[in-house]
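Engineer: just to be clear, the model below is a prediction. Sequence and coordinates:
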Amino acid sequence: MKTETPQDITHLKKLADKTFERYIKYRDSTKFINSIADREERWCQCLICTEWIPFSQATVKHFVKKSNLSLRWDEFNVNAVCEDCASIDNQQAHFKAISDKYGDDIAKELKQLSTRPMKLTVDVLNKIIRDSEQDLKEYRN
């Protein structure tokens, strides 16, 4: 049996972030038909300011900081936002946006869950990657 190394964990953590964040952007996007260019385009609505932004300009933001491993890949904790809202730390606006999207109790529950410890293993990270890839397939179609 192979021993897990810090390099394995670091590499898989980056891959899990990339795959999960891509899934979240697709989940939070909508296809529109650009009749002038005669093609479909994806746009995301920023969770916080509600502005529509091109898919390529959207990013994701964590309500409970990304450094908190227990919620780093939580679907309620991570949402598509515009670059302006991503760069501003306005917890009150973010709390309201989470509550508006998911219900009043979710933001409070996320805060409570943030104290839960999580041990990262290669198996846990591989599962996050597999699940995110599967979810991504469903939203891309």
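Structural biologist: Sure thing, it's come through. Every value quoted in this text rests on a predicted model; they were computed, and no experiment measured them.
Engineer: from now on I want contacts and neighbour counts done on CA atoms only, so please keep to that.
Structural biologist: Will do.
Engineer: tell me how far the nearest residue to Phe63 once chain neighbours are set aside lies from Glu40.
Structural biologist: Leaving aside its chain neighbours, Phe63 sits nearest to Asn77 (5.2 Å; criterion: CA to CA, 6 or more residues apart in numbering). Separation of Asn77 from Glu40 (CA to CA, to the nearest Å) stands at 29 Å.
Engineer: about what we covered before: check contacts around the residue nearest to Phe63.
Structural biologist: Going by CA atoms under 8 Å, 6 or more residues apart in numbering, Asn77 touches 62-64, 71, 110.
Engineer: let me know the pLDDT of it.
Structural biologist: pLDDT for Asn77: 97.
Engineer: what are the phi and psi angles of it?
Structural biologist: Note on Asn77: backbone dihedrals following degrees, to the nearest 10 are phi -80, psi -20.
Engineer: repeat that for Lys61.
Structural biologist: The phi/psi pair for Lys61 (degrees, to the nearest 10) reads phi -140, psi 140.
Engineer: what are the bridge partners for it, then?
Structural biologist: Asn79 (DSSP bridges).
Engineer: residues near it, how many?
Structural biologist: Lys61 has 24 neighbours, counted by other CA atoms under 10 Å.
Engineer: ok, now Tyr26?
Structural biologist: The local packing of Tyr26 (other CA under 10 Å) involves 22 other residues.
Engineer: next: His94.
Structural biologist: Neighbour count for His94, taken as other CA under 10 Å: 21.
Engineer: quick one, what contacts it?
Structural biologist: With CA under 8 Å, 6+ apart, His94 has these contacts: 47-48, 63.
Engineer: and if we set it to 6 Å?
Structural biologist: Ile48 (CA atoms under 6 Å, 6 or more residues apart in numbering).
Engineer: which is the next helix or strand following the helix or strand encompassing Phe32?
Structural biologist: Assigned by DSSP states H and E, Phe32 belongs to strand 29-34. Scanning forward in sequence from strand 29-34 by DSSP H and E, the next helix or strand is strand 39-45.
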